[in-house]
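1. got a predicted structure here, sequence first:
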Amino acid sequence: MVGVSSSDDAAAYCLGDPSDPSAETILSTIDFFTPIVESPFDFGRVAAANSLSDIYAMGGEPLFALNIVGFPVKDLPLEVLTEIVSGGSETARRAGIPVLGGHSVDFDVPVFGMAVTGRARLGDIWRNVGVRAGDALVLTKPLGSGVVASALRARALGGFFRRGPEISAEEERTAVEVMASLNDAPARLARGLRVSACTDVTGYGLAGHLREMLLGPPARCAELWLDAIPYLPGAERLAEAGIAPDGSVRNLETQRPFLEAPSSVAESTLLLLCDAQTSGGLLLALEEKDASDFVKRAEAEGVMARIIGRVLEEETRQARIRIRP
């Protein structure tokens, strides 16, 4: 029912009658990456949360996971691998699912992630396309994890090449906890509301993933309200200092032709809108009233949710994003 045609977050395979909205449907996704934090345990937590996020972004419920491991067995002690896998298992435990196995290879750098299988009723699946004119746009995690992770890497290398950027222990701790947090609560709170499209904000940044949602048909425009967009502590300061991963810089180069922003908007702000996120929040398009109800539900449970913009009435040949200070 869902494959690669629209770059959705997970594949969907219907086990029943495809014309029946209540038919049981299997969701399947896979993700892995190299370390972005210093703690092996936290690396495992973040990688697992990132892998599980695709199931939640489809409106589904995860069932089980398989580990994907690459590890340099001659260069690092196996205790490091144990910590990584333990972090992943802790995240799976919080998600309420078992890790049923996996596969490992000897590799030149550590790599970790998961293949996750989930389920949903066919009619309840959220796609990353299908936004409606007038929809409100809701984000459930702050931006800036790419910039913060880049600062952590630069700090680690500071003793060899240059003085690392100033990033506090509290800023680092907050970023790790945000990346390691699951998107299960926002997904649960949005079920039953009129969600027209949903995705999680990851490697293409907020702007890139929003444009995917706007591509249609018909292609639409959206506006983002800068004063409503949340950032991780320290992210704005670091971006202003020129700290950013190459992926974020490439994202901005790719998305710049489709961004309409007044000259007063700083280059560092545009970079943060395109910042390549790891285990980012959900980006949902909902009817305006439902968006307000969702934010209230989230606030009542201590879950972050912000209305950061809206889908405009006009149709366009190319999806575009207008930035409002």
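-> Now that the structure is in, tell me what you want to look at.

2. outline the domain layout of this protein.
-> Following automatic domain parsing, one gets these domains for the chain: 11-124, 136-324.

3. got JSON lines for these, with mean neighbour count too?
-> C-beta: built from backbone N, CA, C; applies to glycine. Listed next are those as JSON lines, based on neighbours: other CB atoms under 10 Å:
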{"stretch": "domain 11-124", "mean neighbour count": "19"}
{"stretch": "domain 136-324", "mean neighbour count": "19"}
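
4. of those, which is nearest G130?
-> Closest of the domains of the chain to G130 is domain 136-324, at 4.8 Å (criterion: CB to CB).

5. that closest one spans what distance, first to last residue?
-> Counting by CA to CA, to the nearest Å, you get 15 Å between the two ends of domain 136-324.

6. distance between that domain and the chain's centre?
-> 8 Å (CA atoms, centre = their mean, to the nearest Å).

7. now do that domain, average pLDDT.
-> Averaged over domain 136-324, pLDDT sits at 93.

8. what's the answer for stretch 22-38, then?
-> For stretch 22-38, mean pLDDT is 95.

9. please save the CA atoms from that stretch in CSV.
-> Presented in CSV, the C-alpha positions along stretch 22-38 are these (Å, rounded to 0.1, in the frame of the first residue of the first chain):
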residue,chain,number,x,y,z
SER,A,22,-10.0,-1.7,9.2
ALA,A,23,-7.7,-4.2,7.5
GLU,A,24,-4.6,-5.1,9.4
THR,A,25,-1.5,-3.5,7.8
ILE,A,26,2.2,-4.2,8.5
LEU,A,27,4.6,-1.3,8.7
SER,A,28,8.3,-1.8,8.1
THR,A,29,11.2,0.6,8.4
ILE,A,30,15.0,0.6,8.9
ASP,A,31,17.5,3.2,10.0
PHE,A,32,21.1,3.3,11.4
PHE,A,33,24.0,5.7,11.6
THR,A,34,27.4,6.4,13.2
PRO,A,35,27.8,8.0,16.6
ILE,A,36,26.7,11.6,17.2
VAL,A,37,27.2,11.7,20.9
GLU,A,38,30.2,10.6,23.1
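
10. how distant is it from the center of its chain?
-> Chain-centre distance of stretch 22-38: 11 Å, with CA atoms, centre = their mean.

11. about what we covered before: save the domains of the chain as TSV, and put in distance to G3 too.
-> Listed next are the domains of the chain as TSV, based on distance: least, CB to CB, whole Å:
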stretch	distance to G3
domain 11-124	6
domain 136-324	15
